[in-house]
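Trainee: Below are the sequence and a predicted model for it; my questions follow.
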Amino acid sequence: MLKQSPKGDLLDLLTKRYPFVQTSVLTDLVTAKLLLMDTTYGDGVMSKLQKSLKPFDPFSDQVDLFLSQEEEQQRGFTHRQEVYSILSRDAFMKLLGNGQHILDLGAGPNHGLFSHRLQWYILYHAFDEGKLKTKPITLFTTLGQAAFKDSRNERSMWDEIFDFDDETPRLGVEDKRDAEKQAGYSSAEMTLMRLCDGNVLEKGPLVQELCLTRLRYLTFGAEGVENLAKALRDGIQTKYMLKLGFSTQDLEAKVNEYLKQYANAFVAELEKGYCLLNPEYAKALQNILS
C-alpha cells in the first residue's frame, strides 16, 4: 500500500537510494516519471508527433531524422550515438553527460530503437507547457553525474525513471507485469508495445515505422535496421537453400544462379523477393503497410 502519494513515495525512495542528489532535482525527476506514467498525456503527445510526420515510407528513416532535428536544433542535444550492444552503466552515463541520445541497436527489438528518445519528446512538451520546470537538456546531462549512480549495484537514476527492472519503484502494485503496465511511457518496452498494439494511436507514419523496424529487427537482428539490403540478400539465400532442402545436388550453383536476379536489385525488390520465400514475414509486412 502507498504510505502517502505516488509522488511522496517516489521522492522518499529516491532520496534514500541517491542521498547526494539535490532535493529539487529529485523532485523534477519524480515529476518526469509521473508525467511518463500518465498514458493519456503521453498518448496525446505521440498523436501530435505522428501528425507532424510525412506520409509513411517503408524505406526512409523519418522518425530518426525528425527526432534528431528536434533534439539538435530545438533542444540543445548533440548528435545521437548509434549503439550496438548493451552499454555499461558508466559508458551510458558518459553519453548522458555529453547530451547524447542513442539509436539503440543493442537492447533488442522489444525495447525499440527510439523508445527513450520518444520518452524525452514527451518531456519536451511537458517543459513547454510548464509541467516540467527544468530544461530537458539540463536534466538529461545532470543524470550523467556520479551522484546519480546507485551505490548498491550497477543501476543508476536512469533505471528508476526511464527503464523497468526488478528494482524499479512499483508504487503499490505487487505484480511485475501489472506494475510495468502502470509504468506506461516510463518503461521503454511498454512504450513500444503501447504504440504498436493498434489500440492507442491510429495507424500512421509513427506507428508504421515503429512496427516495421521491430519486424525487421525480430527477423534479421540489428542488421535488418542497420543494413537492410544485406540482411535481405542473406535472408533470401538462407530461405532458398531451405526451400531446396540443403541437400540438392549442385546446391551452391543453383543458389548462385537464383541470386543473380537480385544482384542489382534495390531494397524494395529485395524485400519483395524475401516475402516470396517467407509468407509469415509477408503477412506481417502487409499488416503494417495496409
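Mentor: Arrived safely, thanks for sending.
Trainee: what bits of this protein have low per-residue confidence?
Mentor: Applying pLDDT under 70 to the chain flags the ranges 1-4.
Trainee: the helices in the stretch 101-250 of the chain, which residues?
Mentor: Taking DSSP state H, counting those that start in this stretch to define them, one finds helices in the stretch 101-250 of the chain at 115-128, 136-142, 157-162, 176-183, 188-196, 205-220, 223-226, 228-243.
Trainee: Contacts for the shortest one, please.
Mentor: Helix 223-226 is contacted from outside by 82, 105, 113, 213, 216-217, 230-231, 234, using C-beta atoms under 8 Å, 6 or more residues apart in numbering. All C-beta spots, glycine's among them, are computed from the backbone N, C-alpha and C.
Trainee: are any of those residues buried, and which?
Mentor: Buried members of the contacts of helix 223-226, counted by 16 or more other C-beta atoms under 10 Å: 105, 113, 213, 216-217, 231.
Trainee: Just flag the most distant two among the residues you listed.
Mentor: Checked with C-beta to C-beta, the buried ones among the contacts of helix 223-226 reach their widest spread between 113 and 231, with 14.9 Å between them.
Trainee: and the protein, what are its domains?
Mentor: For the chain, automatic domain parsing gives the domain ranges 6-201, 227-289.
Trainee: wait, which of those domains is closest to residue 207?
Mentor: domain 6-201 (5.3 Å).
Trainee: from the chain's centre, how far out does the closest one sit?
Mentor: Computed by C-alpha atoms, centre = their mean, to the nearest Å, the chain-centroid distance of domain 6-201 equals 10 Å.
Trainee: for residue 194, what are its contacts?
Mentor: Applying C-beta under 8 Å, 6+ apart, one finds that residue 194 lies in contact with 39, 43, 184-185, 200.
Trainee: Could I have the ChimeraX command that selects the buried members from these?
Mentor: Only the buried members of the contacts of residue 194 enter the following ChimeraX selection, criterion being 16+ other C-beta under 10 Å:
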select :39,43,184,185
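Trainee: between the contacts of residue 194, which is closest to residue 257?
Mentor: residue 200 (47.3 Å).
Trainee: what would the helices of the stretch 101-250 of the chain look like in JSON lines with distance to residue 272?
Mentor: Putting these into JSON lines (distance: least, C-beta to C-beta, whole Å) gives the following:
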{"stretch": "helix 115-128", "distance to residue 272": "30"}
{"stretch": "helix 136-142", "distance to residue 272": "41"}
{"stretch": "helix 157-162", "distance to residue 272": "38"}
{"stretch": "helix 176-183", "distance to residue 272": "37"}
{"stretch": "helix 188-196", "distance to residue 272": "23"}
{"stretch": "helix 205-220", "distance to residue 272": "14"}
{"stretch": "helix 223-226", "distance to residue 272": "16"}
{"stretch": "helix 228-243", "distance to residue 272": "9"}
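Trainee: quick one, which of those is nearest to residue 9?
Mentor: helix 157-162 (12.3 Å).
Trainee: C-alpha coordinates for that closest one, CSV please?
Mentor: This file holds the C-alpha atoms of helix 157-162, laid out as CSV (Å, rounded to 0.1, in the frame of the first residue of the first chain):
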residue,chain,number,x,y,z
MET,A,157,18.8,7.0,-11.6
TRP,A,158,18.0,6.4,-15.3
ASP,A,159,16.7,2.9,-14.4
GLU,A,160,14.3,4.4,-11.9
ILE,A,161,12.8,6.9,-14.3
PHE,A,162,13.2,5.6,-17.9
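Trainee: most packed of the domains of the chain?
Mentor: Stretch with highest mean neighbour count among the domains of the chain: domain 6-201 (a mean of 17; mean count of other C-beta atoms under 10 Å).
Trainee: Touching, residue 126 and residue 134? I think so.
Mentor: No: counting by C-beta atoms under 8 Å, residue 126 does not reach residue 134; the two are 10.5 Å apart.
Trainee: do you know how far the residue of the chain positioned farthest from its centre is from residue 208?
Mentor: Most distant residue from the mean C-alpha position of the chain: residue 249, 44.9 Å away (C-alpha atoms, centre = their mean). Remark: distance between residue 249 and residue 208 (C-beta to C-beta, to the nearest Å) = 44 Å.
Trainee: No further questions, thank you.
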